[in-house]
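[1] I need the structure of the sequence given here:
(2 chains)
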Amino acid sequence: MMDKEFCEITGFLFGPRLTNRLEAKELRTDRLFQELANLVFDSPEVLTALKSHIDGWLEKECSERTQALAGYIAYLDEDYEKASSAFMKAVTMNPDNLDSWLDLAFSLYHLSDPLGYAIIFNYDVFISLYREMGVEQCSRESLKQLQAEINRDRLEY
Amino acid sequence: MVFFERVLPERFCREFAEFKGGAHQIVMYMSLVLGIKPLLDDWIPSSRLGAFIDLCSNYGLHVRADAVHCPVNPGALSDDVVGKEYITSTSAIGFPLNAEVEGNVHLFISKDKELLKRGMWYPVIVRNRVIEQPRIDILKYGEVLGYPSCCVRFFKKYNNWSRYNFLLEIHSHSEATPHYYCNPFTKDAVYSYIYHMPCNFRCSETISLVSRLRTEIQKREPGFVDAIDRHLNMPFLVFYERKFYAFDGFIDDERLYYSQVYFPDSWRPGKVYLKLLQSGNNLHISDGTVHIFSGRREVASIGSEMRENDFEYPFLIQFGKQ
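    The predicted model follows:
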């Protein structure tokens, strides 16, 4: 039902969320964010329709792809607080996905949150430390702990 | 008449040109200070960031320093750099502001502190990977910089070097006489009131924007405005993006008569036809070939076989004041 509604609104398939692992050396695996950006820029009414559906879709399906979609919709709407919250949930569900980390970083970037820059400049260290330190939930607090660890060990530039 | 000599404003915003060692973007700084342009971005040597922030503060401008960019030759990059095929000739390695490197700080400047949050990350290489901003940031950035929405949308549609000659598209979408307020050709040589590409050479939104800006600058710097106006009203021969020439002359019945040729852009490869054009004093275009004459004698021609690509197609244009 959700997939059908999404396709009716956007004309795109709402496919599975692929993981962009660091070792794959891909710039980005997800294409949906870019496609939605082009569509919403030309047809702002699409964003209105997506905003009216996303809460219902999140209730129906608690998954990385739905959280990422919620992040995209909020980001396109320039609600960067809501976007960062959704991308943190996407990272929690799949901390190996670089796409989610960078989407989170740019949401924080627009909030002038220094964590945004910290992730951009140390994305690979954040990903590996997240696993090593056994972080269970991505949040501002856990990100600050990771950043403190990075600074302590001078892992950054 | 003298063209393309170094020109600076007498007083208004002159410190920016002196600080930067040139008047590049000076009109955009004026527009910022006058409250017409909402946001500007620029690059300043990292060792001089503090002094630049002080200078901006004197004009009531806020600054957000983004990242340090260290320019790098794309050809010198190792194949390991993820996404290197997507970076342009202006590629750089990015570092955080506290890094002990000498580079240029990318920064955003605005009268409105809140607007600094809408500054846009520029793609740079970080830890062996190109880090790109989300696509929507690029699409919306024109609006943040104060460009007319019609021009932003036109740019989105036609700024594709593999499919269009963007300047020719603007020209072919310009039905009426081109207005000199919409002349973008000398923007990198100081003499322009705009830093965007207009959707046509008589774009009403651009004319309205420039009208406000020019009036305010003229009150403060009339001589500077005279110099800009003179350059914007020169005839131009346009081939392609960053490959166009300005002339001391005039167009009559689709023939350009000239005494001097200038290459106003800074991209050196675009200068390729300068000597050929200097060998004559009048020219006309026929079937896509530029025929160059000295008096009545044809001395050179620039035909399709000399072109950079299929999209390079010459046209003549002279902007007017009405």
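[2] what about chain B, any weak spots by pLDDT?
    Within chain B, the stretches with pLDDT under 70 are B:1, B:88-90.
[3] at the contact with chain A, which residues of it appear?
    Residues of chain B lying near chain A by C-beta under 8 Å from any C-beta of the partner chain: B:64, B:67, B:82-83, B:86, B:94-96, B:99, B:116-118, B:121, B:126-127, B:129-137, B:139-140, B:156. C-beta here means a position set from N, CA and C on the backbone, and glycine is covered the same way.
[4] what's the ChimeraX line that selects buried ones from those residues?
    Buried residues among the residues of chain B next to chain A (16 or more other C-beta atoms under 10 Å in any protein chain shown), as a ChimeraX selection:
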select /B:64,67,82,83,94,95,96,99,116,117,118,121,126,127,129,130,131,132,133,134,135,136,137,139,140
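[5] restricted to helices, list the residues of chain B next to chain A.
    Using DSSP state H, the members of the residues of chain B next to chain A that fall in helices are B:135-137, B:139-140, B:156.
[6] out of the residues you listed, which comes closest to residue A:143?
    Using C-beta to C-beta, residue B:137 is the member of those that sits closest to residue A:143, with 21.4 Å.
[7] picking that back up, greatest separation within the ones in helices among the residues of chain B next to chain A: which pair is it?
    Going by C-beta to C-beta, the pair spanning those furthest: B:137 and B:156, at 13.2 Å.
[8] in the stretch 201-322 of chain B, what residue comes closest to chain A?
    For the stretch 201-322 of chain B, the residue closest to chain A is residue B:205, as judged by C-beta to the nearest C-beta, at 17.9 Å.
[9] spit out the contact partners of the closest residue to that residue other than its chain neighbours.
    With sequence-adjacent residues excluded and distances taken as C-beta to C-beta, 6 or more residues apart in numbering or on different chains, residue B:205 is closest to residue B:148, at 3.4 Å. Residues in contact with residue B:148 (C-beta atoms under 8 Å, 6 or more residues apart in numbering or on different chains) are B:196, B:198-199, B:203, B:205-206, B:209.
[10] what does chain A put close to chain B?
    So chain A meets chain B at A:25-28, A:33-34, A:37-38, A:40-41, A:75-76, A:102-103, A:106, A:109-112, A:117, A:120-124, A:156-157 (C-beta under 8 Å from any C-beta).
[11] counting neighbours, which of those end up buried?
    Here, 16+ other C-beta under 10 Å leaves A:27-28, A:33-34, A:37, A:40-41, A:75-76, A:102-103, A:106, A:109-110, A:117, A:120-123, A:156 buried among those.
[12] return the subset of those lying in helices.
    Going by DSSP H, the helices hold A:33-34, A:37, A:40-41, A:75-76, A:102-103, A:106, A:109-110, A:117, A:120-123 from those.
[13] mind jotting down where the helices sit in chain A?
    A:2-10, A:32-42, A:44-60, A:64-76, A:80-93, A:98-110, A:114-132, A:140-153.
[14] need those helices in a markdown table (columns: distance to residue B:308 and mean pLDDT).
    Supplementary listing: these in a markdown table, determined by distance: least, C-beta to C-beta, whole Å; pLDDT from 0 to 100:
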| stretch | distance to residue B:308 | mean pLDDT |
| --- | --- | --- |
| helix A:2-10 | 38 | 96 |
| helix A:32-42 | 28 | 97 |
| helix A:44-60 | 38 | 97 |
| helix A:64-76 | 37 | 98 |
| helix A:80-93 | 42 | 98 |
| helix A:98-110 | 35 | 98 |
| helix A:114-132 | 36 | 97 |
| helix A:140-153 | 47 | 92 |
